[in-house]
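Chemist: Give me a model of this one.
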Amino acid sequence: MSIPGTRVELVQTRGLRFEVTMAGGPSDKLALLLHGFPECAHSWRYQIPLLAQLGYRVWAPNLRGYGKSDRPSDVSDYRLDKLEQDVADLIEASGSKSVLLVGHDWGAVIAWTFAMYHANSQAAALERLVIMNVPHPLRMQQGLRTLKQLRKSWYMIFFQIPGLPEKLLSMNNYEAVGRAFRDSAVNKELFTDDVLEAYKKNAAEPGGLTAMLSYYRALPRSIPLAQKRGVPVIDTKTLMIWGEQDIALGKELTYGTDKLVRDLTVRYIADASHWVQQDAPVKVNAMLSAFLRDERVPEATEL
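Modeler: Residues are numbered from 1 along each chain as shown. A predicted model of the protein is given here:
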């Protein structure tokens, strides 16, 4: 399922080859959009045209293991430091001078960590950071110490079991993958059969589900590295957009983020789920546009 006004190219980086949905003309400003689980670049179908209109060269890659992007076979290949390096390699391959980094779900985890550890080490400056429905890694660690969040995060433990999650998620033509979106979405009509089919097709790629689950399975291997690196305060100007009907992550995990990010704007959308940029695209795009134009970011109730 293609997105109007876009093209798909394979981009070879110093590390891997990535399948990238692209839009916009020549520009020194790159908007790099990082999707989540169990999504793909198609999750940005509403934001790609907007960012192109705002003058960005837009790249929405399928992350490693997804779609036609390279799919390393070892769980350790999905550690956070490897995922961060993918971002650095994509930026380098783009040749851009400034970067807007946008992440949702797992893409937001990668974006957070990149902003902490790589923002000042690239030839291209990380000018803006946009995070959607994933808390800062430190707040997530703190949240997982509570019974409330542990109950919501049960799937992270379940995904550690070899083979069984793949078997259940692939049953009945990957029905569970489609249901993950529509069952928890607020505006279910936006998750059409064609949209769900795109995600199911992505998961059905040979070895795709195992690669997607490897992000979770590699997390225990990423923790020792994270503990050694510490938690530097993020200097990049940041917008966090949060759909309040998130069944997996509590809104309270956003509280205290202002102590971890120097220049932070947070906006909540009451009638949106974890899939916020797809569930409330008009409101998300209005917030995103204002943020990038250096205007006051409207509250959801004003839209």
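
Chemist: what's in contact with the helix or strand of the chain with the lowest mean pLDDT?
Modeler: Least confident helix or strand of the chain, by mean pLDDT, DSSP states H and E, is helix 219-229 with a mean of 76. Outside of helix 219-229, the residues within contact range by Cβ atoms under 8 Å, 6 or more residues apart in numbering are Val75, Ser76, Arg79, Leu80, Asp81, Thr113, Met116, Tyr117, Pro137, Met156. Just so you know, the C-beta spots here come from the backbone N, C-alpha and C atoms, and that holds for glycine as well.

Chemist: Which of those fall in strands?
Modeler: Residues from the contacts of helix 219-229 lying in strands, with DSSP state E as the criterion: none.

Chemist: which among those residues end up buried?
Modeler: Buried residues within the contacts of helix 219-229, counting neighbours by 16 or more other Cβ atoms under 10 Å: Val75, Arg79, Leu80, Thr113, Met116, Tyr117, Pro137.

Chemist: Let me see the contact set for Leu292.
Modeler: Counted by Cβ under 8 Å, 6+ apart, Leu292 has contacts Leu54, Leu100, Arg128.

Chemist: Over to Ile247: give its phi and psi.
Modeler: phi -80, psi -10 (degrees, to the nearest 10).

Chemist: how deep is the nearest residue to it once chain neighbours are set aside tucked in, by neighbour count?
Modeler: With sequence-adjacent residues excluded and distances taken as Cβ to Cβ, 6 or more residues apart in numbering, Ile247 is closest to Ser184, at 5.1 Å. Other residues near Ser184 number 18, with proximity taken as other Cβ atoms under 10 Å.

Chemist: Kindly provide the distance from Ser184 to Leu129.
Modeler: Distance of Ser184 to Leu129, computed by Cβ to Cβ, to the nearest Å: 25 Å.

Chemist: repeat for Arg293
Modeler: 16 Å.

Chemist: Between these two, point out the one with more neighbours.
Modeler: When Arg293 and Leu129 are compared for neighbours, Leu129 comes out ahead with 26 against 10, by other Cβ under 10 Å.

Chemist: Look up which residues are beta-bridged to that one.
Modeler: The residues listed as beta-bridge partners of Leu129 by DSSP bridges are Leu101, Thr238.

Chemist: mind listing what it touches?
Modeler: Counting by Cβ under 8 Å, 6+ apart, Leu129 makes contact with Leu100, Leu101, Val102, Ala111, Ala115, Ile234, Thr236, Lys237, Thr238, Leu239.

Chemist: Wait, a helix at Thr22?
Modeler: Slight slip there: residue 22 is Met, not Thr. No. Counting by DSSP: H, G, I helix; E, B strand; the rest coil, Met22 is not found in a helix; it is strand.

Chemist: pLDDT at it, what is it?
Modeler: Met22 is assigned 97 on the pLDDT scale.

Chemist: For the protein, which residues score under the pLDDT cut-off?
Modeler: 1, 121-123, 226 (pLDDT under 70).

Chemist: residue ranges for the helices of it, please.
Modeler: 47-53, 80-94, 106-117, 137-143, 147-152, 154-158, 164-182, 193-203, 208-217, 219-229, 276-279, 281-292 (DSSP state H).

Chemist: Residues contacting the first one, please?
Modeler: Right, the one you point to is helix 47-53. By Cβ under 8 Å, 6+ apart, the residues outside helix 47-53 that reach it are 3-6, 21, 23-25, 31, 33, 58, 60, 100, 102, 277, 281, 284-285, 288-289.

Chemist: which of those residues count as buried?
Modeler: The buried subset of the contacts of helix 47-53 - by 16+ other Cβ under 10 Å - is 3, 6, 21, 23-24, 31, 33, 58, 60, 100, 102, 277, 281, 284-285, 288-289.

Chemist: Distance to Arg267 added to the helices of the chain, as CSV?
Modeler: Shown next, in CSV, are the helices of the chain (distance: least, Cβ to Cβ, whole Å):
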stretch, distance to Arg267
helix 47-53, 15
helix 80-94, 24
helix 106-117, 15
helix 137-143, 17
helix 147-152, 22
helix 154-158, 26
helix 164-182, 22
helix 193-203, 24
helix 208-217, 27
helix 219-229, 27
helix 276-279, 10
helix 281-292, 5
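
Chemist: Which among these is found nearest to Gly67?
Modeler: helix 193-203 (5.4 Å; Cβ to Cβ).

Chemist: tell me which residues in the closest one are buried?
Modeler: Within helix 193-203, the residues scored as buried using 16+ other Cβ under 10 Å are Val195, Leu196, Ala198, Tyr199, Lys200, Lys201, Asn202, Ala203.
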